[in-house]
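In: everything below, folded, please.
(2 chains)
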Amino acid sequence: MFPCFGVILIYNWLSNILQEEYGEVRLLKESSRGSVRLIRHKATGQKFILRQFTGNAEVYRKLLGCSCPNLPTIYEVAEKNGENLVLEEFVEGDTLDFLLREALFSPEETRKIVMQLCRALWVLHDLGAVHRDVKPDNVILRGDTAVLIDFDAARVYKTEQAADTQILGTTGFAAPEQYGMSQSDSRADIYSVGVLINVMLTGEHPSKKLAPGHLGRVVEHCTRVNPAKRYKTVLRLVEAL
Amino acid sequence: MEKKCPNCGAELPEGASFCPHCAQSINDRTEPVPPKPFPRKAVYAIIAVVVAAAVALGVWLMNRPKTYEGLGEVIYADDDGTYQLVLAWPSDRYQPITEIHQNMEEGENGRFPIRLYISHKDSGADAGQLFLQKVDSVTAEFIQAGDNPSPWKCSEPAPHDAMPDATLITLNDFTAASGDTEQVWTIHMKNGDTIRLRVTIYVHPIPTYHYYPENAPMDTTEDLQALIDQISGTVEENAVVYLHLPAVTYGGSLVIQDRPINLCGNTEGEGRTVFTGSVRVTSGGSYVSFFDNIDFAGSGSGVGVSASARLHLTNCSITGWKTGVLAYGYTWVNVQTSHFENNTVGFHFNADGAQVSHTLYTGNEFVNNGTAVLLESVPTDVAMTFGDCLFSGNDIDIDNRCGQSLDVSGATFDE
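Out: Numbering: from 1, shown residues only, chains lettered A, B, ... in the order given. Modelled structure (predicted):
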């Protein structure tokens, strides 16, 4: 029935079944690089995120073998001629961004959530990936569990690469080097986590109003302009928390 | 290449991770667990322990027992001061000797001292006694092959009454066959330090020449004098020369000058070698002439044997002289197992100098002399020993004018 199953054939096979057995709920994003759709399995009613994009899908492929409660599960990755198809768990819950409109978080709540985000980032960093877009919109609270979503910008970073010239990430949460100052690495995510902590506690960017107390000092340590002066790894950040 | 979905049984490509038919994940997943961060405090504690260990190691390296090595000299410093330890000759206690050269005649035994001097480095003052209080033990040994046919031997390092300036000395015995060697002094300090002093010793065998009546003319005093003069002009200075004399009586006087000569009287058969005229030994230097088994027979006047150079007489007979044996000038004379009879003075010592060979005058017979022994000037404080000597029928046995220290406990005096 399947005479030969190469990667391309998995792409074709999956595309066909998705068209036949799944229906689109909503187009979430579309750009020149690709699209993100919310789709639904007709038989069970389960929802999934389907990403179609050109470029490097290495992070997704690496996450296929992982299960981390703080990251969405990647179910399938297929590629044909540089076109990628990624089937990803749809995480239901409220985003931090949504919750922050109602109220700020206490230091203890902040600490608990950020610890979980750090775990998600550790998994990514351990795979040689950088998220590059850590911000309240990309954190979903599913009960007590914080899930870091949206790897759209995630790419595997290469050490000693001259510089990332593309401007990635979200203004305010992106580390200075992501604006072309130097190559972004895992310490760019640490910068973003620092801003996130401050926003959860104060609703403001640390440059406007730094959170008081111990967590304020952690924020300061995370957001130093020189990446070498920040926490070296998320594990060091967890320790400080 | 296909597989079935474990949930719904649908056929799936081999590489599939997900069954899109039943919307179930079908691949194995592992949950990455971040390593427990190593507590900073433990890291600091470990660093502190490592640093402390490094410091302790450094302190130990600085203070551990040290070994000092030197050829002839070691400068040793401790909390009390700095000391110069040298193996030296008594003429300059600060000048280290690195080499000792000994000339040695074949078949003879030699002995010489090696002296250790310890001084304060800065003042030069003697520090021997003070330093010995810090010393646990001192040994000396020779570096030599185990199969040495005539091995070097040395005494334990110790103080010596005759060399009070030296802190310690060794007495070293060897022969010409002992060969070159190195003496190593090992000083173990009470604080664990070790000091090693070395000195290299070279033995130069002395050439020896024997002259016999068969191959050299020595029947008359003239022949003998000519032979001695010829030897003095031709044989190297450091050689040892033996003249084996026949049983003849030599008239007239004989002079040995310029170099030492050993005269050996006849010992084969009945006849003796006899001199009826004076024999004078005036050769300089520090070498000794040996006269053995010779009769010096005078006729009431003159001197039998006069020596202003070092001379040893053994098994000789000295009879009928105004003075039998006279030591004068800068010299040392020994007489052993010899017979003095009918002399006005038997043995007259009237010399200066410091080259004392030994103080044994044992086994002599002094019979019917005016004065058997006349001591006018003897260049040593060490007692002259007249063990196993016979004094018989002399007017005066020992006329000790210079108050020389004597040991006559082994002598026999017959009236």
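In: within range of chain A, give me the residues from chain B.
Out: Contact residues (CB under 8 Å from any CB of the partner chain) of chain B with chain A: B:1-2, B:11, B:13-18, B:20-23, B:25, B:27-32, B:34-35, B:37, B:40. The way it works is simple: take the backbone N, C-alpha and C, and place the C-beta from them, glycine included.
In: narrow the residues you listed to those in helices?
Out: Using DSSP state H, the subset of those located in helices is B:R40.
In: just the buried residues out of the residues of chain B next to chain A, in ChimeraX syntax.
Out: Only the buried entries of those go into this ChimeraX selection, using 16 or more other CB atoms under 10 Å in any protein chain shown:
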select /B:13,15,16,17,18,20,21,22,23,25,32,34
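In: any weak-confidence spans in chain A?
Out: A:1-8, A:151-185 (pLDDT under 70).
In: longest helix anywhere in it?
Out: helix A:107-126.
In: could you list every helix and strand in contact with it?
Out: Using 3 or more CB pairs under 8 Å, 6 or more residues apart in numbering or on different chains; DSSP states H and E, the elements in contact with helix A:107-126 are strand A:139-142, strand A:145-148, helix A:186-202, helix A:213-222, helix A:234-240.
In: right, and the helix or strand after that helix?
Out: strand A:129-130 (DSSP states H and E).
In: which phi and psi does B:D229 have?
Out: phi -70, psi -40 (degrees, to the nearest 10).
In: please apply the same query to the one 5 residues further on.
Out: Taking degrees, to the nearest 10, you get phi -120, psi -40 for the backbone angles of B:T234.
In: my guess is B:I318 contacts B:G304, does it?
Out: Yes. Using CB atoms under 8 Å, B:I318 is in contact with B:G304, at 4.9 Å.
In: what does the domain assignment say about the chain?
Out: By default, I'm working from chain A. A:7-89, A:94-240 (automatic domain parsing).
In: if you could check chain B rather than the one you did, that'd help
Out: Chain B is divided into the following domains under automatic domain parsing: B:1-29, B:67-206, B:208-414.
In: please identify the most buried of those domains.
Out: The highest mean neighbour count among these, using mean count of other CB atoms under 10 Å in any protein chain shown, belongs to domain B:208-414: a mean of 18.
In: need the distance between the two termini of that one.
Out: 43 Å (CA to CA, to the nearest Å).
In: now stretch B:245-265
Out: 5 Å.
In: any residues in contact with both of B:I318 and B:G304?
Out: B:F296, B:G324, B:V325, B:N343 (CB atoms under 8 Å, 6 or more residues apart in numbering or on different chains).
In: mind putting the helices and strands packed on helix A:107-126 in TSV, mean neighbour count and distance to chain B included?
Out: Formatted as TSV, these follow (neighbours: other CB atoms under 10 Å in any protein chain shown; distance: least, CB to the nearest CB, whole Å):
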stretch	mean neighbour count	distance to chain B
strand A:139-142	20	17
strand A:145-148	21	13
helix A:186-202	25	13
helix A:213-222	17	14
helix A:234-240	19	5
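In: quick one: closest of those to A:E108.
Out: Proximity to A:E108, assessed across these by CB to CB, is greatest for helix A:213-222 (10.0 Å).
In: that closest one: how far from the chain's middle?
Out: Mean C-alpha position of helix A:213-222 versus that of the full chain (CA atoms, centre = their mean, to the nearest Å) differs by 23 Å.
In: hmm, back to that, need the domains of chain B in a markdown table with distance to A:C66 and mean pLDDT, can you?
Out: Shown next, in a markdown table, are the domains of chain B (distance: least, CB to CB, whole Å; pLDDT from 0 to 100):
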| stretch | distance to A:C66 | mean pLDDT |
| --- | --- | --- |
| domain B:1-29 | 6 | 84 |
| domain B:67-206 | 63 | 91 |
| domain B:208-414 | 99 | 93 |
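In: using TSV, lay out those domains together with distance to A:L117.
Out: Compiled in TSV, those are given as follows (distance: least, CB to CB, whole Å):
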stretch	distance to A:L117
domain B:1-29	20
domain B:67-206	63
domain B:208-414	101
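In: for B:V373, see how far away A:Q116 is.
Out: Going from A:Q116 to B:V373 by CB to CB, to the nearest Å gives 120 Å.
In: would you map the helices across chain B?
Out: Here chain B has its helices, by DSSP H, at B:40-63, B:128-132, B:221-234.
In: redo those as JSON lines? Include distance to B:N262.
Out: Putting the helices of chain B into JSON lines (distance: least, CB to CB, whole Å) gives the following:
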{"stretch": "helix B:40-63", "distance to B:N262": "61"}
{"stretch": "helix B:128-132", "distance to B:N262": "41"}
{"stretch": "helix B:221-234", "distance to B:N262": "11"}
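In: for A:E108, find the nearest of the ones you listed.
Out: That would be helix B:40-63 among these, by CB to CB, at 22.3 Å.
In: pLDDT (mean, whole number) over that closest one?
Out: Confidence over helix B:40-63 (mean pLDDT, whole number) is 87.
In: how about it as CSV, C-alpha atoms only?
Out: Only the C-alpha atoms of helix B:40-63 are listed here, as CSV (Å, rounded to 0.1, in the frame of the first residue of the first chain):
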residue,chain,number,x,y,z
ARG,B,40,27.0,27.5,45.3
LYS,B,41,27.8,27.1,48.9
ALA,B,42,29.2,23.6,48.3
VAL,B,43,31.2,25.0,45.4
TYR,B,44,32.7,27.7,47.6
ALA,B,45,33.4,25.2,50.3
ILE,B,46,35.2,22.9,47.9
ILE,B,47,37.2,25.9,46.5
ALA,B,48,38.1,26.9,50.1
VAL,B,49,39.2,23.3,50.9
VAL,B,50,41.3,23.2,47.7
VAL,B,51,42.9,26.5,48.4
ALA,B,52,43.6,25.5,52.0
ALA,B,53,45.1,22.2,50.7
ALA,B,54,47.3,24.1,48.2
VAL,B,55,48.5,26.5,51.0
ALA,B,56,49.2,23.5,53.2
LEU,B,57,51.1,21.9,50.4
GLY,B,58,53.1,25.1,49.8
VAL,B,59,54.0,25.4,53.5
TRP,B,60,55.0,21.8,53.6
LEU,B,61,57.2,22.2,50.5
MET,B,62,58.8,25.2,52.1
ASN,B,63,59.5,23.5,55.4
